[in-house]
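Participant: predicted model and sequence below, questions to follow.
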Amino acid sequence: MEANIRSLAVVNFSQEKGSVEIREIDLPTIGEEDVLLEVVNVGVCGSDLHQWTSDHSWTVNYPVVLGHEFAGHIVAVGSKVSNWKINDRVVSETAAIINPNSPLSKVGLYNLDASRKGFGYGVNGAMTRFVRVPARCLHHIPDQLPFEEACLTEPCCVAYNAVVNNSPIKPGNRVIVLGPGTIGILCAAMAKICGADVAIVGIEKDLHRLNIAKKYGCEVIIGDATSWANERDGLGADTIIDAAGISATLKIALDLVRPNGHITKVGWGPQPIGFSMDQLVQKNVTLQGSFSHNWPIWEKVIQLLANGTLNVKPIIGGIWPITEWEDAFEKMHRGDIVKSILKPV
């Protein structure tokens with residue numbers, strides 16, 4: 001490809017609130033183990049919004065192109081890349097930089113390696129036309145899976161890890177999901193796939209997103225979910241998935257979970273917790289964190305998307321050209337829609 005190609009990109013350029021703008025950037029230079037990916041669609045994540053509003057709790061390598069939920073096709077391959085070719089339809093994992101010698105990486109848990117750096121905060125992401133991607137991050141997507149759905153593989157993998165890998169959900173269990181954002185709704189959908197009875201909880205301003213959750217067969221609750229949690233035998237829900245972006249919802253989870261039950265915390269919240277954890281002890285509750293995903297999760301989720309078991313179409317609120325990124329961000333931030341998708345131009 002011509003080295004002088006320049007593309008528009010959504011760039012987060014400082015830690016000041018609102019420090020995101022469209023800039024022109026150079027064509028990335030790929031290494032011998034990389035591919036150059038032409039992005040067809042890229043999803044807007046809650047973490048992109050948090051960097052835009054500067055209320056995130058992770059280190060950002062400014063300036064950086066946002067975007068880590070993306071799908072496209074390969075337009076160039078490095079000299080040492082095998083098993084990938086130009087025009088392959090692919091999605092990419094988020095772990096752009098890992099330490100292959102880390103004990104965690106050696107057992108496939110590179111997502112938990114402290115030195116890991118991801119697209120959109122550690123290195124340039126995919127809210128632009130071309131992105132450099134290590135070949136180890138790639139996964140094939142079948143022809144029947146549209147790019148606008150495939151680009152949401154990443155949040156689906158977050159939900160799969162939280163619900164399937166990190167929660168002991170069995171058919172017939174009662175599961176409550178706190179927070180009807182993208183991850184919360186996908187966690188609820190995944191719990192339904194596992195055979196659970198699922199309720200998802202929000203507040204009045206979440207009504208539109210809660211109605212989207214109804215399409216997945218979930219009970220929707222505004223406010224207090226105590227009566228639903230206790231409906232079966234008065235003891236509470238088997239599992240609580242805390243997908244809200246604040247720390248305080250952990251107290252709600254402790255109130256709603258049954259003795260010997262399980263709480264999985266997947267939502268980020270930098271605020272300190274201002275309450276006693278005695279309920280955790282008294283109820284003999286398991287509290288489990290869930291972060292990110294790894295290679296086998298991606299392969300399973302792609303299969304679920306491709307065969308229609310997991311349908312992401314209900315959460316897609318629209319597709320915007322990259323030049324209209326701010327409208328796409330605003331609509332998600334206000335809760336008007338669940339998920340915005342951008343299309344580079």
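Facilitator: Sure thing, it's come through. Residues are numbered from 1 along each chain as shown.
Participant: ok, Ala150 - contacts?
Facilitator: Counting by Cβ atoms under 8 Å, 6 or more residues apart in numbering, Ala150 touches Asn41, Ala71, Arg89, Val91, Ile141, Ile302, Leu305. In short, each C-beta sits where N, CA and C put it, glycine included.
Participant: want to throw those into CSV with pLDDT, secondary structure and neighbour count?
Facilitator: Output for the contacts of Ala150, formatted as CSV (pLDDT from 0 to 100; DSSP: H, G, I helix; E, B strand; the rest coil; neighbours: other Cβ atoms under 10 Å):
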residue, pLDDT, secondary structure, neighbour count
Asn41, 98, strand, 22
Ala71, 98, strand, 28
Arg89, 98, strand, 17
Val91, 98, strand, 27
Ile141, 98, coil, 23
Ile302, 98, helix, 21
Leu305, 98, helix, 23
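Participant: of all these, which two lie farthest apart?
Facilitator: For those, the farthest-apart pair by Cβ to Cβ is Asn41 and Ile302; their separation is 15.1 Å.
Participant: give me the domain ranges for the chain.
Facilitator: 6-152+312-343, 159-289 (automatic domain parsing).
Participant: the strand or helix carrying Val40: partners in the sheet, and parallel or antiparallel?
Facilitator: Here Val40, judged by DSSP states H and E, is contained in strand 34-43. Note on strand 34-43: by DSSP bridges, its sheet partners are strand 69-77 (antiparallel), strand 130-134 (antiparallel), strand 339-343 (antiparallel).
Participant: quick one: contacts of the longest one?
Facilitator: When contacts are defined by Cβ under 8 Å, 6+ apart, strand 69-77 is touched by residues 1, 30, 35-45, 84-92, 119, 125-126, 130-131, 135, 138, 141, 147, 150-155.
Participant: and for the second one?
Facilitator: Taking Cβ under 8 Å, 6+ apart as the criterion, the residues outside strand 130-134 that touch it are 5, 7, 27-31, 33-39, 65, 70, 72, 75, 92, 96, 119, 124-125.
Participant: distance of Val107 relative to Asn294?
Facilitator: Distance, Val107 to Asn294, by Cβ to Cβ, to the nearest Å: 10 Å.
Participant: for these two, indicate the residue with more neighbours.
Facilitator: Asn294 (19 against 10; other Cβ atoms under 10 Å).
Participant: which residues does the more buried one contact?
Facilitator: Contact analysis of Asn294 by Cβ under 8 Å, 6+ apart lists Glu93, Gly108, Leu109, Tyr110, Asn111.
Participant: and if you look at Ile5?
Facilitator: Asp26, Leu27, Phe130.
Participant: same thing with Leu280?
Facilitator: Residues near Leu280 by Cβ under 8 Å, 6+ apart: Leu254, Leu287.
Participant: wait, which of the contacts of Asn294 is closest to His50?
Facilitator: Nearest to His50 out of the contacts of Asn294 is Asn111 (Cβ to Cβ; 19.0 Å).
Participant: from what I see, the closest one and Pro296 are in contact.
Facilitator: No: in this structure, Asn111 is not within contact of Pro296 by Cβ atoms under 8 Å, at 11.4 Å.
Participant: between the two, which is the more surrounded one?
Facilitator: Each of Asn111 and Pro296 has its neighbours counted (other Cβ under 10 Å); Asn111 has more, 21 against 11.
Participant: please name the nearest non-neighbouring residue to the more buried one.
Facilitator: Ser292 (3.8 Å; Cβ to Cβ, 6 or more residues apart in numbering).
Participant: if we can go back for a sec, export the contacts of Asn294 to JSON lines and append columns for pLDDT and secondary structure.
Facilitator: Formatted as JSON lines, these follow (pLDDT from 0 to 100; DSSP: H, G, I helix; E, B strand; the rest coil):
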{"residue": "Glu93", "pLDDT": "98", "secondary structure": "coil"}
{"residue": "Gly108", "pLDDT": "96", "secondary structure": "coil"}
{"residue": "Leu109", "pLDDT": "97", "secondary structure": "coil"}
{"residue": "Tyr110", "pLDDT": "97", "secondary structure": "helix"}
{"residue": "Asn111", "pLDDT": "96", "secondary structure": "helix"}
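Participant: I appreciate the help and will end here.
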